[in-house]
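A.B. asks: quick check, what structure comes out for this input:
(chains A and B)
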Amino acid sequence: MPVEGATANGPLLAVSNLTKLFGSFAACNEINLQIDQGEIHALLGENGAGKSTLVKMLFGVLAPTGGEIVWQGRSVRIASPAAARKLGIGMVFQHFSLFEALTVAENIALSMDGNISLAKVAEEASRLSHAYGLPLDPKAHVADLSVGERQRIEIVRALLQNPRLIILDEPTSVLTPQEADRLFETLNKLKAEGRSVLYISHRLEEVQRICDRATVLRHGKVTGACDPKVETPASLARMMVGSDVAAVTAEGTSTKGDVQLEARHLSVSARTPFAVSLKNICLKVRAGEVLAIAGVAGNGQGELFDALSGEYPVADDAAVQIRQKPVGNRNINARRLMGAGFVPEERHGHAAVSAMPLSDNLVLARSRSDAKAFLGGCFLNIIRRDAVTTATKRISEAMDVRKSGEDPPAGSLSGGNLQKFIVGRELDRQPAVLIVNQPTWGVDAGAASRIRQALVDLAKAGSAVLVISQDLDEIFEVATEIAVISEGRLSDPYPARELSREKIGLLMGGMYGKTEGTGAVHAH
Amino acid sequence: MGIVEAILLSVITAATPLVIAALGELVTERSGVLNLGVEGMMVMGAVCAFVATQITGSPYLGILAGIVCGAVFSQLFAFLTLTLVANQVATGLALTLLGLGVSGMLGESFLGMQGIKLQPIVIPVLADIPFIGPLLFRQDIIFYLSIALVAGVHWFLFRSRVGLKLRAVGDSHASAHALGVNVIRTRYLAVMFGGACAGLAGAQLSLVYTPQWVENMSAGRGWIALALVVFSSWRPWRLIAGGYLFGAVSISQLHAQAFGIGIPSQFLSSLPYLATIVVLILISHNRRTTLINTPASLGKPFVPDR
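C.D. replies: Next up is the predicted model:
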């Protein structure tokens, strides 16, 4: 199905001096970008480099402050997503703009013109999705679908508009390696039809594998335009980050000690219809070990963290053991008192109160477990400001937290710096057990390597560390053992050295769950 | 007319305003807006309908006045919460207090006047069916409207494209905005429909239920209507079942007194609220259906980043 009217020889899209100001802050500063007919063009950059702002302007979600967008040789003003779609620009968002309570067909119908019946939309969506190798059931409720399937809806939705340019915002960040391979096949199909793809990512290997050209952004400015196939990952990373990133060294991890954290046949039923139930999870983390739990988002990672940390205590007291004592019924503070530390996934509103200064956030987390250090006045429990200030300073220095002023509100720090503080807040206690969920999600490369090194160092010093992560690079950097979570079940742990990415991918795809292959096996 | 028929007839009359007001709030909440001002809009509808009927002599113009008044009054809430992004809960409560106050002022000179009762419309043939006929086919236009509106809203929400957009706005306003749906306009219209329904329900009170004007005559029915929306888990047809159940409970006190049953009237008049609490407790047990049907962005303000 080649695109119609692919006649113009010039670039499909040319952006010149595009600028977006939020107040006095330039999220995009005089961006130049050119996308040709039938090419897969990468937009590379760290979090906060301005990639999302740029594509939001291209898709009419944000209005540019200055600059020009030229589409097929014509200067255009894209006032709304509808206008963008009319021009022939389709978009697949990073955080899906899907409606969980609606069906697949209803979701697709919402982005189409008013006069097509729902039945017709369902039929067309089903046809297109099979043609591009992205099978979908139009009657299914989105709430019941996996992340990969949800992304297919987004892609099919964009394809139904017959777009000339499709923008994909970090499409593989939620996919298993196998699902990602399938997506790349689809993208190559689109390219063969003469469509163009703007592919946003910070994963260098992917970009090198499928993209024809790349534009690199840093701090809202273009720092490079290149052919990714002739660059090295190191040279691309330099353009993205601006300096060489320190490599994490896991060398010399000490010999294993006693079991410090254990889950024994841990089962938890789902608290909400959208949550995942945990099924018979067994795990052991010994002193000196970093157990990393890999898995695609939404497979029970949050629920596992809640059960292990005591945010939601479990019914069976013996199902969770910290330092060989049953703690299943105990709450988070009781577990902290036994020498455990926890770092949840969301920085804002969960790990920290954004509006409160760092010192208050320190007291909130540790007032019970470190009452002796931070509280005084006998039963009055008066906060000892001097001790808190000293500790805040100590943590900030230890983790190289860059902040404005002595004790700014947590919300004023960048994601990476706040995360360094939150991890540092736990490390400062030298916990015997540390459980971290997504330690470097949305954190820049420099801060990420600092945090990962700190986790490795903690294990070296004799603590048991459990890291839940979706980032395979991170897992291979820090882990001594790796297990995979899929649909609330945990695989056996494997020594990190013996595990390949392909094997992890297969486990992620649900070795225990329903795969498309199992049906065929039983069919004959 | 037998005693059973008389009781059922009074249940229908008591249930109709609950169903209509709750239906309007259901549409408002499906768009993601929580308007706690139902009571205020209802009492404003009641006073406007009564006053217009007294002036023009036509209860039908009275009904129209009630609907228009409720719709206009609701737009004050819409302007404050959607354009000025004020807190929906606080604004809704303020709307109720304002409505009770303003209606008392408007209706002062009409207090104690003999009203004009809306006459039933007899549907030929059907009205002659024994038992059912007098109950269902010798009713006033507001009763017929209440049933037609429930059917119409069900079709609108689950079969029409505009209804789909409205549900999308209530489920995730950010996503709907990204798709180019006008979130604010959709919500203005949904709030207006809610106001119009509350106004119509108010008109029923002052033209059918007790054809006169009494201060605070909505008497807490707006709050029951709000509970009814949760009771029906945001599904229009379930509103009828819930509305008639609540109507029956609220009317039971009168019949109990008539039969000389020795239950304190204070207890009986508190029954609808106790029933509301019991229903809310029962519903919160079944989290799955509630969560899947509950509009996910209910009560959350929407500010497009631009």
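
A.B. asks: so where does A:R335 fall, helix or strand?
C.D. replies: Assigned by DSSP states H and E, A:R335 belongs to helix A:332-337.

A.B. asks: and the next helix or strand after that helix, what does it pack onto?
C.D. replies: Counting by DSSP H and E, the next helix or strand C-terminal to helix A:332-337 is strand A:340-343. Where contact means 3 or more CB pairs under 8 Å, 6 or more residues apart in numbering or on different chains; DSSP states H and E, strand A:340-343 is packed against helix A:301-309, helix A:332-337, helix A:415-427, strand A:433-437. For every residue, glycine as well, the C-beta is placed using N, CA and C.

A.B. asks: avg pLDDT for the first one?
C.D. replies: For helix A:301-309, the mean pLDDT works out to 93.

A.B. asks: in its sheet, which strands sit next to whichever helix or strand comes after it, and in what direction?
C.D. replies: Using DSSP H and E, the next helix or strand after helix A:301-309 towards the C-terminus is strand A:320-322. With DSSP bridges as the test, strand A:320-322 is paired with strand A:259-268 (antiparallel), strand A:325-326 (antiparallel).

A.B. asks: got the angle for the next helix or strand after the first one vs strand A:259-268?
C.D. replies: Toward the C-terminal end, the helix or strand that comes next after strand A:259-268 (DSSP H and E) is strand A:278-286. Angle, strand A:278-286 to strand A:259-268, by axes from the mean of the first three to the mean of the last three CA atoms, to 10 degrees: 180 degrees.

A.B. asks: A:S75 should be in a strand, yeah?
C.D. replies: Yes. Under DSSP: H, G, I helix; E, B strand; the rest coil, A:S75 sits within a strand.

A.B. asks: the residue lying closest to it once chain neighbours are set aside is in what secondary structure piece?
C.D. replies: Nearest residue to A:S75, sequence neighbours excluded (CB to CB, 6 or more residues apart in numbering or on different chains): A:E68, at 5.8 Å. Taking DSSP H and E as the definition, A:E68 sits inside strand A:66-71.

A.B. asks: relative to the whole chain's centre, how far out is that strand?
C.D. replies: Remark: strand A:66-71 is offset 31 Å from the chain centroid, using CA atoms, centre = their mean, to the nearest Å.

A.B. asks: what does stretch B:169-179 give?
C.D. replies: Offset of stretch B:169-179 from its chain centre (CA atoms, centre = their mean): 26 Å.

A.B. asks: dump the residue contacts of the most centrally placed residue in chain A.
C.D. replies: With distances taken as CA atoms, centre = their mean, A:W441 lies nearest the centre of chain A, 5.3 Å away. Shown in contact with A:W441 (CB atoms under 8 Å, 6 or more residues apart in numbering or on different chains): A:345, A:470-471.

A.B. asks: how about A:A447?
C.D. replies: A:416-417, A:419-420, A:440.

A.B. asks: and for A:A180?
C.D. replies: A:A180 neighbours (CB under 8 Å, 6+ apart): A:172, A:206.

A.B. asks: roughly how far apart are A:S469 and A:L283?
C.D. replies: Distance of A:S469 to A:L283, computed by CB to CB, to the nearest Å: 15 Å.

A.B. asks: brain fart, A:N162
C.D. replies: 49 Å.

A.B. asks: who has more neighbours, those two?
C.D. replies: A:L283 (21 against 14; other CB atoms under 10 Å in any protein chain shown).

A.B. asks: what is the burial count for the nearest residue to that one once chain neighbours are set aside?
C.D. replies: Setting aside the residues directly before and after it, A:L283 is nearest to A:A263 in space (CB to CB, 6+ apart), at 4.8 Å. Using other CB under 10 Å, A:A263 is surrounded by 22 other residues.

A.B. asks: then A:D492?
C.D. replies: That count, for A:D492 with other CB under 10 Å as the rule, works out to 10.

A.B. asks: the residue nearest to it when sequence neighbours are not counted bridge partners, please.
C.D. replies: Closest residue to A:D492 apart from its sequence neighbours, by CB to CB, 6+ apart: A:A483 at 6.8 Å. Beta-bridge pairing of A:A483 under DSSP bridges involves A:I293.

A.B. asks: quick check: A:A483 touching A:A496?
C.D. replies: No. A:A483 lies out of contact with A:A496 (CB atoms under 8 Å); the separation is 10.5 Å.

A.B. asks: between those two, tell me which one has more neighbours.
C.D. replies: Using other CB under 10 Å as the criterion, A:A483 and A:A496 rank with A:A483 on top: 22 against 18.

A.B. asks: against A:I504, how distant is the more buried one?
C.D. replies: Taken as CB to CB, the span from A:A483 to A:I504 is 10 Å.

A.B. asks: likewise A:E30?
C.D. replies: Distance from A:E30 to A:I504, by CB to CB: 42 Å.

A.B. asks: so which of the two has more stuff around it?
C.D. replies: Using other CB under 10 Å as the criterion, A:E30 and A:I504 rank with A:I504 on top: 22 against 14.

A.B. asks: for the nearest residue to that one once chain neighbours are set aside, list the residues it contacts.
C.D. replies: The spatial neighbour of A:I504 that comes closest, neighbours along the chain excluded (CB to CB, 6+ apart), is A:A294 at 5.5 Å. Shown in contact with A:A294 (CB under 8 Å, 6+ apart): A:469-470, A:472, A:475, A:482-485, A:504, A:507-508.

A.B. asks: and if we set it to 6 Å?
C.D. replies: By CB atoms under 6 Å, 6 or more residues apart in numbering or on different chains, the contact list for A:A294 reads A:475, A:484, A:504.

A.B. asks: can you name the residues that contact the residue lying closest to the first one once chain neighbours are set aside?
C.D. replies: Nearest residue to A:I475 in three dimensions, chain neighbours excluded: A:A292, at 4.3 Å (CB to CB, 6+ apart). A:A292 is in contact with A:467, A:475, A:479, A:482, counting by CB under 6 Å, 6+ apart.

A.B. asks: 10 Å instead, please
C.D. replies: Taking CB atoms under 10 Å, 6 or more residues apart in numbering or on different chains as the contact definition, A:A292 lies against A:436, A:455, A:465-469, A:471-472, A:474-484, A:493, A:496.

A.B. asks: I'd like the distance between it and chain B.
C.D. replies: Note on A:A292: its distance to chain B, by CB to the nearest CB, to the nearest Å, is 32 Å.

A.B. asks: what's the answer for A:L308, then?
C.D. replies: 23 Å.

A.B. asks: distance of that residue relative to A:A263?
C.D. replies: 7 Å.

A.B. asks: give me the common contacts of those two.
C.D. replies: With CB under 10 Å, 6+ apart as the test, A:L308 and A:A263 both reach A:281, A:283, A:285, A:314, A:319-320, A:328, A:466.

A.B. asks: B:F267: which element?
C.D. replies: If you go by DSSP H and E, B:F267 is part of helix B:265-285.

A.B. asks: render the CA-only coordinates of the strand holding A:E68 in PDB, please.
C.D. replies: What follows is strand A:66-71, C-alpha atoms only, in PDB (Å, rounded to 0.1, in the frame of the first residue of the first chain):
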ATOM      1  CA  GLY A  66       9.200  31.300  17.200                       C
ATOM      2  CA  GLY A  67      10.600  29.700  14.000                       C
ATOM      3  CA  GLU A  68       9.100  28.000  11.000                       C
ATOM      4  CA  ILE A  69       7.700  24.600  10.000                       C
ATOM      5  CA  VAL A  70       7.800  23.800   6.300                       C
ATOM      6  CA  TRP A  71       5.700  20.800   5.200                       C
END
